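Colleague: Quick one, fold the following:
(chains A and B)
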Amino acid sequence: MTAALDIDSVHKRYGALHALKGVSFRIEQGEFFGLLGPNGAGKSTLISIIAGLVRKDAGHVAVMGHDTVTAYRAARAHLGVVPQELVYDPFFTVEELLRLQAGYFGRRPAEVADWTEELLNALDLADKRRSKLRQLSGGMKRRVLIAQALVHKPPVVILDEPTAGVDVELRRALWSFTRRLHREGHTIVLTTHYLEEAEALCERIAILDHGELLALEDKQDLLGRHPYRVMRLRTEGQGTLGPQLEAMLQFREGDVMELRVHREEQRVGDVLDVLRASGLRLVDIEMREPKLEDIFVELTGGPGNG
Amino acid sequence: MDSGNAVGFTTLLRKEIWRFLKVAGQTVTSPVITSALYLLVFGHVLEGRLQVFEGVSYLAFLVPGLIMMSVIQNAFANTSSSVTQSKIMGHIVFLLMSPLSSFEIFAAYVLAGVLRGVLVALCLYGIGWLFVPLPIAQPLQLIVMLLLSGACLAALGMIAGIMADKFEHLAAFQNYFIMPFSFLSGVFYSIHSLPEFWAEASRFNPFFYMIDGFRYGFFGVSDAPAGLSILVVGVFLLLVSGICLAMLRSGYRLRP
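Modeller: Numbering: from 1, shown residues only, chains lettered A, B, ... in the order given. Next up, the predicted model:
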């Protein structure tokens, strides 16, 4: 089957900075795909190349089998991108903007009237249809951006950090909406600051760092590949962690700490013995399976800043 | 074969027209009032003191020049401000991500700029009649010069918009290039009344041919041969269009 997105050996340089170093991967039709990486990893550059906003130096990108350079019209017609920044044209109302956006993609107003109405309702924009964008809150503007990306009914949708800076309620609403789009057959590509978001929504995940692909796996395989469990402890008393516990320490704040415990090489009882020997008394203990964030930190060597 | 995106093109054209009509007070009325004031002040002060062409009053001579100067300034302002604003506000991404070709984008912006120029020209022509009779001797020449000149400046405005990173850049382009070249192009005088050096220098100013050729449409007389004006402005249009299209196709300052 034709891939929804086929990214092949893509390079991009900005002067001395090699922003993308031969990135290649495929995203199949109908996938809910997460693209993660720390700031400066190359995610936005890659998305901009797919969308035609940035020119690549080498490699090929195809959307639903259409090359983004030689068959740019078909490639763009199959793609909807929700930009990261809240960008809007101040002259027009929500409804006017959606009509114009559909028109750019060759869709006459009558052709998309029902779908536009559906989008306005699904994104709670129906009563704002005659408002100009500058009159709307940040969350509402974000919804309009999503509607603009979808108004021409693209089969492939890229959401570039759609929930950055939005409140919890809107984030939940957007999660629910993207799940619905996915159920209805859209291929969804999500970049996000929130790893829990990727964990909750995505089926397959790519991790980019310094312009290179560090991981590309099913979410469950990625999580399963991590050989550690996390031991969360609450302690009391004075004591100093020895070198063995320091090496396992993942997080410590006040009397709470998290230790990474290797599934096969370390036993919980032994770890607790070392803890007691350090002079700390155990108050509470909780074991949990690794989260995407733990794997992200391990792979990129930094905190999960998306 | 690429069948084009006719709906996309007409949508962008409609949007660009809609954009300037939504603020018509600023984009149409304001330049009309400014030019009407020029007409009132210069026309009445200099009327009777100057006669440029045989049998043509100074007031009548002034009107086509003022109309063309407004066309020049407004066609340029329309495209340059639209492109610059969409770059600064960031919403140009919606256009760049759409399946519109470089030529479709170019043609829609330029046509909208020409239309704003024509609208201002029609308003000024109507106002001109209040001051002085303005029969048209060569309507075809007049229409051709109006459209060609508007298109030149709209394309030049796109180039400026693509190059500008902020409105100050655009203001510099307008103040140091468009304004002086349009003022020094024979709006208020015939180049025959200039010293020889400046008269010759004017022949290298494409705006001179726009105004002179347009004036020929009204009176059937001009400083330069009418055919030469059409040729010069036509070549200038090909040049600026070629530059603008090359910029759009290469993604210069738009698609890094």
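Colleague: burial measure for residue 67, as a count.
Modeller: Went with chain A since none was named. By the measure other Cβ atoms under 10 Å in any protein chain shown, the count of residues near residue A:67 is 14. For glycine as for every other residue, the C-beta is placed from the backbone atoms N, C-alpha and C.
Colleague: let's do chain B instead
Modeller: Applying other Cβ under 10 Å, we find 29 residues neighbouring residue B:67.
Colleague: just the one 4 residues further on next, same as before
Modeller: A count of neighbours around residue B:71, defined by other Cβ under 10 Å, yields 32.
Colleague: tell me the contacts of it?
Modeller: By Cβ atoms under 8 Å, 6 or more residues apart in numbering or on different chains, the contact set of residue B:71 is B:117-118, B:120-121, B:146, B:149-150, B:153.
Colleague: Just the ones of those residues in helices?
Modeller: B:117-118, B:120-121, B:146, B:149-150, B:153 (DSSP state H).
Colleague: Name the nearest of the residues you listed relative to residue A:113.
Modeller: Closest approach to residue A:113 among these (Cβ to Cβ): residue B:118, at 32.5 Å.
Colleague: Would you agree residue A:260 falls within a strand?
Modeller: Yes - per DSSP: H, G, I helix; E, B strand; the rest coil, residue A:260 lies within a strand segment.
Colleague: Skipping its backbone neighbours, what lies nearest it in space?
Modeller: Distances taken as Cβ to Cβ, 6 or more residues apart in numbering or on different chains place residue A:228 nearest to residue A:260, at 4.3 Å, with adjacent residues excluded.
Colleague: where in chain B is pLDDT low?
Modeller: For chain B, applying pLDDT under 70 flags the ranges B:1-2, B:46-52.
Colleague: how about the residue of the stretch 1-150 of chain A found nearest chain B, what does it touch?
Modeller: With Cβ to the nearest Cβ, the shortest gap between the stretch 1-150 of chain A and chain B falls at residue A:103, namely 2.8 Å. Residue A:103 makes contacts with A:109, B:7-8, B:10-12, B:14-15, as judged by Cβ under 8 Å, 6+ apart.
Colleague: Most neighbours among the ones in helices among the contacts of residue B:71, please name it.
Modeller: Tallying neighbours with other Cβ under 10 Å puts residue B:153 at the head of the ones in helices among the contacts of residue B:71, with 33 neighbours.
Colleague: thinking that one is in contact with residue B:75, fair?
Modeller: Yes - between residue B:153 and residue B:75 there is a contact at 4.0 Å, judged by Cβ atoms under 8 Å.
Colleague: Checking residue B:248 next. Helix, strand or coil?
Modeller: The three-state label given to residue B:248 by three-state DSSP is helix.
Colleague: now it, nearest residue through space, not along the chain?
Modeller: Of all residues not flanking residue B:248 in the chain, residue B:102 sits nearest, at 3.8 Å (Cβ to Cβ, 6+ apart).
Colleague: Show me what residue A:253 bridges to in the sheet.
Modeller: For residue A:253, the beta-bridge partners are residue A:256 (DSSP bridges).
Colleague: Go ahead and report the secondary structure state at the residue of the stretch 1-150 of chain A closest to chain B.
Modeller: Three-state assignment for residue A:103 (three-state DSSP): helix.
Colleague: Check residue A:176 too.
Modeller: With three-state DSSP as the basis, the three-state label of residue A:176 is helix.
Colleague: Burial check on it, number of neighbours?
Modeller: Residue A:176: 10 neighbours (other Cβ under 10 Å).
Colleague: Quick one: neighbours of residue 116, just the number.
Modeller: With no chain named, the answer covers chain A. Using other Cβ under 10 Å, residue A:116 has 23 other residues around it.
Colleague: To clarify, I was referring to chain B.
Modeller: Counted with other Cβ under 10 Å, residues neighbouring residue B:116 total 29.
Colleague: What of residue A:97?
Modeller: For residue A:97, the tally of surrounding residues (other Cβ under 10 Å) stands at 23.
Colleague: Now name the helix or strand holding the residue in chain B positioned nearest to chain A.
Modeller: Proximity of chain B to chain A (Cβ to the nearest Cβ) peaks at residue B:11, 2.8 Å away. Using DSSP states H and E, residue B:11 falls within helix B:6-22.
Colleague: what does residue A:250 give?
Modeller: strand A:249-253.
Colleague: check contacts around residue B:237.
Modeller: Residue B:237 is in contact with B:148, B:151-152, B:155, counting by Cβ under 8 Å, 6+ apart.
Colleague: From these, keep the buried residues only.
Modeller: Buried by 16 or more other Cβ atoms under 10 Å in any protein chain shown: B:148, B:151-152, B:155, out of the contacts of residue B:237.
Colleague: Quick check: the gap between the residue nearest to residue A:260 and chain B.
Modeller: Distance, residue A:228 to chain B, by Cβ to the nearest Cβ, to the nearest Å: 41 Å.
Colleague: what's the spacing between that residue and residue A:152?
Modeller: Counting by Cβ to Cβ, to the nearest Å, the separation of residue A:228 from residue A:152 is 45 Å.
Colleague: so residue A:198 sits in a strand?
Modeller: No - counting by three-state DSSP, residue A:198 is located in no strand; its state is helix.
Colleague: So for it, what pLDDT did the model give?
Modeller: pLDDT for residue A:198: 82.
Colleague: Let's verify residue A:21: helix, strand, or coil?
Modeller: Counting by three-state DSSP, the backbone at residue A:21 sits in strand.
Colleague: Residue B:127 - nearest residue in space that isn't next to it in sequence?
Modeller: Spatial nearest neighbour of residue B:127, excluding adjacent residues (Cβ to Cβ, 6+ apart): residue B:36 at 5.1 Å.
Colleague: for residue B:80, same thing?
Modeller: With Cβ to Cβ, 6+ apart as the criterion, residue B:80 has its nearest non-adjacent residue at 3.7 Å, and that residue is residue B:157.
Colleague: The one you found: how many residues sit nearby?
Modeller: Counted by other Cβ under 10 Å, the residues lying close to residue B:157 total 31.
Colleague: Now do the contacts for it.
Modeller: By Cβ under 8 Å, 6+ apart, residue B:157 lies in contact with B:75-81, B:83, B:113.
Colleague: go on, residue B:8?
Modeller: Residues near residue B:8 by Cβ under 8 Å, 6+ apart: A:103-106, B:98-100, B:104.
Colleague: Out of these, the closest to residue A:280 would be?
Modeller: Closest to residue A:280, out of all of the contacts of residue B:8 and judged by Cβ to Cβ, is residue B:98, at 61.4 Å.
Colleague: which SS class is that closest one?
Modeller: Assigned by three-state DSSP, the conformation of residue B:98 is coil.
Colleague: That one and residue A:76 touch, don't they?
Modeller: Yes - using Cβ under 8 Å, residue B:98 makes contact with residue A:76 at a distance of 6.3 Å.
Colleague: For burial, what's the neighbour tally of the closest residue to residue A:160 other than its chain neighbours?
Modeller: Counting by Cβ to Cβ, 6+ apart, residue A:160 lies nearest to residue A:84, which is 4.3 Å off, once chain neighbours are set aside. Using other Cβ under 10 Å, residue A:84 is surrounded by 18 other residues.
Colleague: Around chain A, pick out the residues from the stretch 151-256 of chain B.
Modeller: B:251, B:255-256 (Cβ under 8 Å from any Cβ of the partner chain).
Colleague: My reading is that residue A:190 is in a strand; is that accurate?
Modeller: Yes - secondary structure of residue A:190 (three-state DSSP): part of a strand.
Colleague: wait, isn't it in contact with residue A:200?
Modeller: No - using Cβ under 8 Å, residue A:190 is not in contact with residue A:200; the gap is 10.5 Å.
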